[in-house]
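*Asks:* Sequence plus predicted model, see below.
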Amino acid sequence: MKPARSRRGSALTEFTLVGLPLLFVLISIFEMGRGMWNYHTLEEAVEEGTRFEAVRGQHLQAQPACASNEDSCGASLNGVATALANAAVGLPAANWSATLTAGSSSHTCSPLSSCIGVTTTWPPGGNNSPGTLIQISATYNFQSGLAFYWPGSAGKAFGTVVFTAYSQQTIQF
């Protein structure tokens with residue numbers, strides 16, 4: 001058995017060799033979980049936005065209550081953008097964009113917050129009849145703090161991964 005003097009500092013060396021890589025793995029697991037949560041949230045928001053629009057075609061827009069206030073029926077860019085933003089809990093509307101397509105019409109909200117407050121009718125006339133295909137595609141820039149811990153990354157910005165989501169349905173009414 002070695003004397004205590006020759007074993008001094010071995011705990012610090014062992015922690016450096018084992019503890020720091022384990023700490024990096026733990027941080028990586030949390031970042032992967034956060035990324036997966038953001039991706040799932042984006043997918044669900046796009047699906048919800050598509051459902052929201054699929055039931056707001058020409059028959060709903062023709063109702064007297066909708067003619068006086070399109071936002072009460074969601075028949076505007078504001079209605080769609082607000083539905084998308086409300087469904088994407090935790091994803092700031094300034095960090096992602098959406099492209100809305102109805103029939104032959106298309107509109108891009110980049111970022112999504114640029115369409116909030118816009119009262120332009122959506123889907124536009126001629127592209128809001130039952131059976132018309134509604135599509136929403138979105139992109140979200142996920143910024144991971146993981147790149148900060150990579151060797152040689154000093155002074156570099158955080159890594160960004162672009163998540164995309166897509167959904168389509170037909171107008172029902």
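*Replies:* That came through fine.
*Asks:* What degree of burial does Thr120 show, as a neighbour count?
*Replies:* The tally of other residues near Thr120 (other CB atoms under 10 Å) stands at 11. Every residue, glycine included, has its C-beta placed from N, CA and C.
*Asks:* So it sits against Leu77, correct?
*Replies:* Yes: the criterion here is CB atoms under 8 Å, and Thr120 meets it with Leu77 at 5.0 Å.
*Asks:* Identify the contacts common to these two.
*Replies:* His107 (CB atoms under 8 Å, 6 or more residues apart in numbering).
*Asks:* For stretch 101-120, which outside residues touch it?
*Replies:* With CB under 8 Å, 6+ apart as the test, stretch 101-120 has contacts from 53, 70-71, 76-78, 80-82, 84-85, 92-100, 122-124, 126-128, 132-138, 171.
*Asks:* Using PyMOL, make a named selection holding only the buried ones among the residues you listed.
*Replies:* To isolate the buried members of the contacts of stretch 101-120 in PyMOL, using 16 or more other CB atoms under 10 Å:
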select buried, resi 53+70+76+77+78+80+81+82+84+85+93+95+96+97+98+100+122+123+127+128+132+134+135+136+137+138+171
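*Asks:* Just the ones in strands from the contacts of stretch 101-120, please.
*Replies:* Of the contacts of stretch 101-120, the ones assigned to strands by DSSP state E are 96-100, 133-138.
*Asks:* Quick one: end-to-end distance for stretch 113-133.
*Replies:* End-to-end distance for stretch 113-133, by CA to CA, to the nearest Å: 24 Å.
*Asks:* Distance check, Gly103 against Pro130.
*Replies:* 12 Å (CB to CB, to the nearest Å).
*Asks:* Between these two, tell me which one has more neighbours.
*Replies:* Between Gly103 and Pro130, counting by other CB under 10 Å, Gly103 is the more crowded of the two (17 against 12).
*Asks:* Need the pLDDT of that one.
*Replies:* pLDDT recorded at Gly103 is 89.
*Asks:* and it, how far is that from Asn38?
*Replies:* Taking CB to CB, one finds Gly103 at 31 Å from Asn38.
*Asks:* the helices in the protein, which residues?
*Replies:* For the chain, helices defined by DSSP state H occupy the ranges 10-14, 20-54, 58-61, 64-68, 70-73, 77-87.
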